[in-house]
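Undergrad: The following block contains a protein sequence and its predicted model.
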Amino acid sequence: MELPLDVREALDEKVFAHLATINPDGSPQVSVVWVGRDGDKVLVSTATGRIKPRNITHDPRVALSFSPPSKPYVNIVMQGEVTKTAEDGKWLINSLSHKYTGNADYQGKPGEVRVNYEISIDHIGSWG
């Protein structure tokens, strides 16, 4: 789905998104994440061994919610599916680190393997 202009603009801000994944028992799990965008795809990075990769491997459906910093009374909720997973290095986390902290070299744990996700959005709701 094509993201509306206001959603693209919000994702390009330093927005802290809540990413919901589904635990193997069907219960929800939510984590705050940095987000990026490649066209109409939402990008998220994490590391192997964490709960998000386990859950996404089990069920690629996810939801994200956030309020743009410039409009704190607006809430945007998106549902979609992880359509691409890659362990292709630190390029995404470095890009997100630069966006959020100004530091283009993310300092993870030694030996950490980054997992990058591309999320295709199929539903958007907003209010406020």
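TA: Alright, I've got the coordinates.
Undergrad: and the gap between Leu92 and Gly111?
TA: 18 Å (C-beta to C-beta, to the nearest Å). (Each C-beta comes from the backbone N, C-alpha and C, glycine too.)
Undergrad: Of the two, which one has the most company?
TA: Leu92 (23 against 7; other C-beta atoms under 10 Å).
Undergrad: Could you grab the helix/strand/coil label for Leu96?
TA: What DSSP: H, G, I helix; E, B strand; the rest coil gives for Leu96 is helix.
Undergrad: Repeat that for the one 10 residues further on.
TA: Of the three states, Tyr106 takes coil under three-state DSSP.
Undergrad: Which residue, neighbours along the chain excluded, lies closest to it?
TA: In this structure, Tyr106 finds its nearest non-sequential neighbour in Ser97, 4.0 Å apart by C-beta to C-beta, 6 or more residues apart in numbering.
Undergrad: Tell me if I'm right that that neighbour and Trp91 touch.
TA: No - using C-beta atoms under 8 Å, Ser97 and Trp91 do not qualify as a contacting pair, with a distance of 10.8 Å.
Undergrad: Which one of the two is surrounded by more residues?
TA: Shown here are Ser97 and Trp91; by other C-beta under 10 Å, Ser97 has more neighbours (19 against 12).
Undergrad: Run through the residues that contact that one.
TA: 34, 103-106 (C-beta atoms under 8 Å, 6 or more residues apart in numbering).
Undergrad: Next one, pLDDT for the spatially most central residue of the chain please.
TA: With distances taken as C-alpha atoms, centre = their mean, Val44 lies nearest the centre of the chain, 3.6 Å away. pLDDT for Val44: 98.
Undergrad: For it, what are phi and psi?
TA: phi -140, psi 140 (degrees, to the nearest 10).
Undergrad: tell me the SS of the closest residue to it other than its chain neighbours?
TA: Distances taken as C-beta to C-beta, 6+ apart place Tyr117 nearest to Val44, at 4.7 Å, with adjacent residues excluded. Put simply, Tyr117 is strand when judged by three-state DSSP.
Undergrad: Can you spell out which residues form a bridge with Tyr117?
TA: Val44, Thr85 (DSSP bridges).
Undergrad: show me what contacts it?
TA: Contacts of Tyr117 by C-beta under 8 Å, 6+ apart are 43-46, 56, 82, 84-85.
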